[in-house]
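*Asks:* coords below, sequence missing:
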């Protein structure tokens, strides 16, 4: 009798798991379709609308027409960079909130944003870098160094980094770098102009070369993020429990920090600090996918890409392409995040 009851319970559990997987796959497919729609709108819509048929011809059989130039030189790179940045920031935010167990953490908590900004300002003032392509390498190097310093400071004491020490070290390093940036830009007009141009957060004015520069880092970061998901599920139980279950907590955290640095460093160096994506997206992904990071990470990537493209297209609708995506996300993201915080079920990690 007991064996029959156990078998029925296992069968019911298997069926529930299968239904949950099917639902998640359907939602993933819907998000993929939404991303394709937003990408098409991003390429087709602007001051000079391009019919979808002309978009397809420009991508497959370009003839050098005005529509071809708009699609291949302006909106195509802009859309691709928006997708890469959205995926990177969404996944980076999910990992950051998971590793710090902080529902209001965003990728900038590791000092990545301020590290990239400081390196770009130094590149302009000291090394006279003027082009966006040079900004990217300085920005990525600064983001990487800042994240390493935060992780090392968080691990001081020999016990390894913890969610609390990572957050405190990140806040301290970010504050220090912000002060240094202010000192440099106030003393140098060229540095101030470069900082203002980069800090607004934009995916416009970039070409396919920029996308090619950041794409390898985003791909490697995504692979590391997916490899980090089983360990992150275990860390959600607490460091002591994860250790008792045989998980190497330090290795898991190093892998996560490296993934966050590659993803967010690439996005921030190319586009500037685009606000709210890494903060809001993990909450929405958690509501749709549940707490399992093996599902949450791909959900967060797709939602992040859709959100960035949607904000960019909305900015064109509202202002005729005068409002950058960073501004639109700040305007739209603040009330959305307040709504999410008020719904306590979404605010828990």
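*Replies:* Yep, that arrived. Computed from a predicted structure; not experimentally measured.
*Asks:* low-scoring stretches of the stretch 101-250 of the chain, by residue?
*Replies:* For the stretch 101-250 of the chain, applying pLDDT under 70 flags the ranges 157-161.
*Asks:* Tell me where it has helices.
*Replies:* 112-125, 132-154, 163-187, 189-199, 208-235, 239-244, 249-271 (DSSP state H, counting those that start in this stretch).
*Asks:* what's the neighbour count on residue 231?
*Replies:* Residues near residue 231, counting by other Cβ atoms under 10 Å, number 21. The C-beta positions use only the backbone N, C-alpha and C, and glycine is treated the same way.
*Asks:* what's the answer for residue 249, then?
*Replies:* For residue 249, the neighbour count with other Cβ under 10 Å is 18.
*Asks:* Ok, residue 292 next?
*Replies:* Neighbours of residue 292 using other Cβ under 10 Å come to 16.
*Asks:* Now for it: which residues touch it?
*Replies:* Contacts for residue 292 (Cβ atoms under 8 Å, 6 or more residues apart in numbering) come out as residue 233.
*Asks:* on that earlier part again, could I get the helices of the stretch 101-250 of the chain as JSON lines with distance to residue 96?
*Replies:* Formatted as JSON lines, the helices of the stretch 101-250 of the chain follow (distance: least, Cβ to Cβ, whole Å):
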{"stretch": "helix 112-125", "distance to residue 96": "9"}
{"stretch": "helix 132-154", "distance to residue 96": "11"}
{"stretch": "helix 163-187", "distance to residue 96": "9"}
{"stretch": "helix 189-199", "distance to residue 96": "20"}
{"stretch": "helix 208-235", "distance to residue 96": "11"}
{"stretch": "helix 239-244", "distance to residue 96": "17"}
{"stretch": "helix 249-271", "distance to residue 96": "6"}
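*Asks:* Looking at those helices, spot the one closest to residue 74.
*Replies:* Across the helices of the stretch 101-250 of the chain, residue 74 has its closest neighbour in helix 208-235 (10.9 Å, Cβ to Cβ).
*Asks:* Give me the angle between the closest one and helix 163-187.
*Replies:* Computed with axes from the mean of the first three to the mean of the last three Cα atoms, to 10 degrees, the direction of helix 208-235 lies at 150 degrees from that of helix 163-187.
*Asks:* just use 73 as the starting number from now, easier for me
*Replies:* Renumbered: residue one is now 73, and that last one reads helix 280-307.
*Asks:* how distant is helix 280-307 from the center of its chain?
*Replies:* Relative to its chain's centre, helix 280-307 lies at 10 Å (Cα atoms, centre = their mean, to the nearest Å).
*Asks:* again, but for stretch 356-367
*Replies:* Worked out by Cα atoms, centre = their mean, stretch 356-367 lies 16 Å from the chain centre.
*Asks:* Would you indicate which residues of it are buried?
*Replies:* The neighbour-count check on stretch 356-367 (16 or more other Cβ atoms under 10 Å) flags 356-358, 360-361, 364-365, 367 as buried.
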